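sequence-free structure coming up:
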């Protein structure tokens, strides 16, 4: 009698596992959002069942990380990690562009002020004006060189961070062996 009960219990567990796999495949096919609760509800099992069966939980978590929706014909599928990297790059580029816009607006304001000053007849003699133009040119060159230096510093820091991560990963692999 106990073997019959054990066999029935095993068969019930297998049926539940199959329902979970079917629900996961269906959710992936339909492009619906995948979560542990959603798959458990769709399969008619309790969430604790999924947490007790690590292989099923791993399948669900792997499917969560994949892009949702039917595959588009516009190009290859996009992963969450690549979208996050694109977002970070776009935000960094946006920051750089905002700084450049502020510099250009400041420069435009200075030039318009100088032009208004000259047109009003209050301009300085030609030699002082030429020296001021040289100073302005040198300041602009200094600003551009500073911006390039900051960009290179940012690239260097990013490369150093990548090297640290790679070294850490190599050291962790070496320690695991």
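Nice, thanks for sending it over. These numbers were taken from a predicted model, which means no experiment stands behind them.

Pull the number of nearby residues for residue 27.
With neighbours defined by other CB atoms under 10 Å, the count for residue 27 comes to 20. All C-beta spots, glycine's among them, are computed from the backbone N, C-alpha and C.

Which element, helix or strand, includes it?
Element membership of residue 27, judged by DSSP states H and E, is helix 2-30.

and the angle from the following helix or strand past that helix to helix 2-30?
Scanning forward in sequence from helix 2-30, with DSSP H and E defining helices and strands, the next element found is helix 36-43. Taking axes from the mean of the first three to the mean of the last three CA atoms, to 10 degrees, one finds that helix 36-43 is oriented at 110 degrees with respect to helix 2-30.

How about residues contacting helix 36-43?
Counting by CB atoms under 8 Å, 6 or more residues apart in numbering, the neighbours of helix 36-43 from elsewhere in the structure are 16, 19-20, 22-24, 26-27, 32, 46-47, 49-51, 57, 60.

Okay, helices next: where are they in the protein?
Chain-ordered helices for the chain, with DSSP state H as the definition, fall at 2-30, 36-43, 47-52, 54-65, 80-119, 126-176.

Dump those helices into TSV; add mean pLDDT as well.
Below are those laid out as TSV (pLDDT from 0 to 100):
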stretch	mean pLDDT
helix 2-30	90
helix 36-43	91
helix 47-52	90
helix 54-65	89
helix 80-119	92
helix 126-176	91
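
and the ones you listed, which is most packed in?
Ranked by mean neighbour count under mean count of other CB atoms under 10 Å, these are led by helix 36-43, which reaches a mean of 17.

tell me, what residue is most central in the protein?
The residue at the geometric middle of the chain, judged as the C-alpha nearest the mean C-alpha position with CA atoms, centre = their mean, is residue 84 (1.8 Å).
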